[in-house]
Structure formats: C-alpha cells, structure tokens
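# coordinates only, sequence not included:
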C-alpha cells in the first residue's frame, strides 16, 4: 500500500470495530461459504491460501481480507490464516459498510486496482513470452483480454484438464 495517509485514516476509522486476536495457525476467514465479514490487519502476519497454495504473506497494517466476498456478495475466495500473533479489526456486515463508507471503499478500491495492475502486467509479459504457443500458455491473450475489457460475465479460470472443485 502506498503511504499516502489512507492507511492511517483507515486504521483510525477502525477504532469503533471489535479488535480480535489470533494465534499462529488460527483462521481469520475460511475459503468457501459467505460470512459478510472482513478483517483489517492491525498487527502481525497472515498467509492467504487458495486451496493448498499460498498466494500471499502479508504483514502490512491496513491490509484488508474478505473484501472480494463482501463486494461480490458471495463466497470467500481464499483462506486467511495467522502466521504470527495477529490482531485485526473485525467488520461485520461488510457489504453494507463498503456501500456506506467512502474512506474504506476507496481504500479497498485502491488495493484492488493495484492487484489488477499487477496481474495484467504479469499476463502481458506472459503473452509476449508465449505468443507463438498453441497450448494453454497461448490462451493468456484471452485471459488478459477478459481482465481488461469485460465487465461481466466472470471469467472461468482453470485448466480443461482438471476443474477447480472450489468454484
């Protein structure tokens, strides 16, 4: 996250939310059923898991977890688990909060915009590297186009060889 004051503002805004404590190994959010709950990291380190694959390790105060499910009104797309002692602000009714509080919504929007920029930059690089391929690596062009151009419907990810059972 950029240090533009928004992290401090978001953490200050969280003073009214319950502050939960987690021990290493505790799950903050489990991949799967919707909870309409988000967490905002106050201190500690968490890992974000998609199935058995770690996709991120995060220790930055102000990081938000559960925002995708809240925005889409659906299932959690990953498991967030404490790596160290963690304190995090718990946000119940996360979807309603995002609809009514522009400070938090702008913070979440900035995070998601950075993730999208990183993903499209990576996919553009893959597209250049594998432009001559006819296999699954050659379809990066389609995935990149879907991320950049389409607003709806959602892109189906995964391989034709094995469907992701969590979707």
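In hand now; what should we look at? Everything numeric here is computed off the predicted structure, so don't read it as measured data.
# wait, doesn't residue 92 sit right on residue 20?
No - Residue 92 lies out of contact with residue 20 (C-beta atoms under 8 Å); the separation is 11.3 Å. Yep, even glycine has a C-beta here, placed from its N, CA and C like the rest.
# from memory residue 93 sits against residue 36, does it?
Yes - counting by C-beta under 8 Å, residue 93 does reach residue 36; the two are 6.0 Å apart.
# which of the two has more residues huddled nearby?
Using other C-beta atoms under 10 Å as the criterion, residue 93 and residue 36 rank with residue 36 on top: 16 against 13.
# what pLDDT does residue 151 get?
pLDDT, residue 151: 53.
# repeat that for residue 113.
Residue 113 is assigned 88 on the pLDDT scale.
# which helices and strands sit right next to the helix or strand hosting it?
Residue 113 belongs to helix 102-129 when assigned by DSSP states H and E. Secondary-structure packing of helix 102-129 (3 or more C-beta pairs under 8 Å, 6 or more residues apart in numbering; DSSP states H and E): helix 6-13, strand 64-65, helix 67-72, helix 94-100, helix 140-149.
# ok, of those, where does mean pLDDT dip lowest?
The stretch with the lowest mean pLDDT among these is helix 140-149, at a mean of 64.
# returning to that earlier point: report the inter-axis angle for the helix holding residue 113 versus helix 6-13.
Angle, helix 102-129 to helix 6-13, by axes from the mean of the first three to the mean of the last three C-alpha atoms, to 10 degrees: 140 degrees.
# buried set for helix 102-129?
Neighbour counts using 16 or more other C-beta atoms under 10 Å place 104, 107-108, 111, 123, 126-127 of helix 102-129 among the buried residues.
# quick one: find the helix or strand in the chain with the lowest mean pLDDT.
helix 140-149 (a mean of 64; mean pLDDT, DSSP states H and E).
# show the contacting residues for residue 9.
Taking C-beta atoms under 8 Å, 6 or more residues apart in numbering as the criterion, residue 9 is in contact with 103, 107.
# now with 10 Å, please.
Contact analysis of residue 9 by C-beta atoms under 10 Å, 6 or more residues apart in numbering lists 62, 103-104, 106-107.
# low-confidence ranges in this structure?
Along the chain, segments meeting pLDDT under 70 span 1-6, 136-141, 143-167.
# dump the buried residues of helix 102-129 to CSV, plus distance to residue 43.
Output for the buried residues of helix 102-129, formatted as CSV (distance: C-beta to C-beta, whole Å):
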residue, distance to residue 43
104, 19
107, 18
108, 20
111, 18
123, 34
126, 36
127, 39
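# thank you, goodbye.
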